[in-house]
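1. predicted structure and sequence below. I'll ask about it afterward.
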Amino acid sequence: MRSYLLSLLLVPCALSAQSVRTGPRLGVGLATISAGQFLEWNGLPKIGPLFGWSFEIPWAAQASFLVEPMYITKGSLVQNAQLRTWTSNRLGYLELPVMIKVSLQNDPGGIYLAGGAIGGLWMNGRYKVKQDGNVLTDQKYTLSGTSNRTQVSLAAGMGWDICTSAFEVRIQQSVTPFSPVIRGQNLVVGLHYTYYLPEKKERPRKEEEEN
């Protein structure tokens, strides 16, 4: 899985010479860890940042591919009113979404739909428990020796593309379990913004002076 992610990260470099739109993608995610059911929300939203780089590769008149290496925060936030505790679980992932973007208009831009798959690698995390404002547990996850750090997710989004900017609401859910025992799945609703760098226009060649 790691070699797969690394090879996909090289795809944008190979395509950079083609007519692609490219630019930074920033946003915020609202995350939870479901009990295993698809699109099942559990507890309160865990808010975290996401950031990366977007490559839009033309495919057809109204369709293109989105290849977007990024870092995204997942996890959960659960309140237990009886015990007066807050349990925060933060998981940082390095991901590579490969999406198909379809414009709903005849001309490029405007409202669009997107869908695809995401490969992810768990990079870091922290587990924290508070009671009445006091920290009971605060520990980082130790990933050394962890054999199951990869994750595959499915994603769907809807956005608005205008000039050099694109706004998108994207839902993504993991489809591979953490372990055979823990069946929880990462679910994230992300609010994304992409700024596409303007294309460099070639300067017109100066006309040769007539002899």
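-> Ah, there it is.

2. could you say which helix or strand contains residue 158?
-> Applying DSSP states H and E as the criterion places residue 158 in strand 150-162.

3. for the protein, what's the longest strand?
-> strand 110-131 (DSSP state E).

4. which strands and helices sit next to it?
-> Under the contact criterion of 3 or more Cβ pairs under 8 Å, 6 or more residues apart in numbering; DSSP states H and E, strand 110-131 touches helix 2-9, strand 70-80, strand 85-103, strand 134-140, strand 150-162, strand 165-174. (Glycine included, C-beta is placed from N, CA and C.)

5. ramachandran coordinates for residue 40?
-> Per-residue torsions, residue 40: phi -100, psi 120 (degrees, to the nearest 10).

6. how about it, nearest residue that isn't a chain neighbour?
-> Excluding its sequence neighbours, the residue lying closest to residue 40 (Cβ to Cβ, 6 or more residues apart in numbering) is residue 34, at 4.0 Å.

7. which strand residues bridge that neighbour?
-> Residue 34 has these beta-bridge partners by DSSP bridges: residue 185.

8. next up, the contacts around it.
-> Residues in contact with residue 34 (Cβ atoms under 8 Å, 6 or more residues apart in numbering) are 40-42, 173, 184-187.

9. in a markdown table, list those along with distance to residue 52 and neighbour count.
-> Formatted as a markdown table, the contacts of residue 34 follow (distance: Cβ to Cβ, whole Å; neighbours: other Cβ atoms under 10 Å):
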| residue | distance to residue 52 | neighbour count |
| --- | --- | --- |
| 40 | 27 | 14 |
| 41 | 25 | 14 |
| 42 | 26 | 16 |
| 173 | 19 | 19 |
| 184 | 25 | 18 |
| 185 | 22 | 23 |
| 186 | 17 | 24 |
| 187 | 19 | 25 |
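
10. quick one: least confident of those?
-> Of all these, residue 184 carries the smallest pLDDT score, 81.

11. ok, that residue touching residue 35?
-> Yes - here residue 184 reaches residue 35: they are 6.3 Å apart, a contact under Cβ atoms under 8 Å.

12. what's stretch 79-90 in contact with?
-> 33, 43-44, 46, 48, 73-78, 125-132, 136.

13. that older thread, distance of the residue nearest to residue 40 from residue 89?
-> 13 Å (Cβ to Cβ, to the nearest Å).

14. also residue 175?
-> Separation of residue 175 from residue 89 (Cβ to Cβ) stands at 19 Å.

15. which among the contacts of residue 34 gets closest to residue 100?
-> Closest approach to residue 100 among those (Cβ to Cβ): residue 173, at 17.5 Å.

16. contact partners for the closest one?
-> The neighbours of residue 173, taking Cβ under 8 Å, 6+ apart as the test, are 34, 38-39, 153-155, 185-188.

17. that one bridge partners, please.
-> residue 154, residue 187.

18. swap in residue 63?
-> Applying DSSP bridges to residue 63 gives these bridge partners: residue 60, residue 102.

19. residue contacts, it?
-> Residues in contact with residue 63 (Cβ under 8 Å, 6+ apart) are 100-103.

20. now list the buried members of those residues.
-> Buried positions within the contacts of residue 63, assessed by neighbour count (16 or more other Cβ atoms under 10 Å), are 101, 103.

21. save the contacts of residue 63 as CSV, and put in distance to residue 61 too.
-> Shown next, in CSV, are those (distance: Cβ to Cβ, whole Å):
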residue, distance to residue 61
100, 14
101, 12
102, 11
103, 8
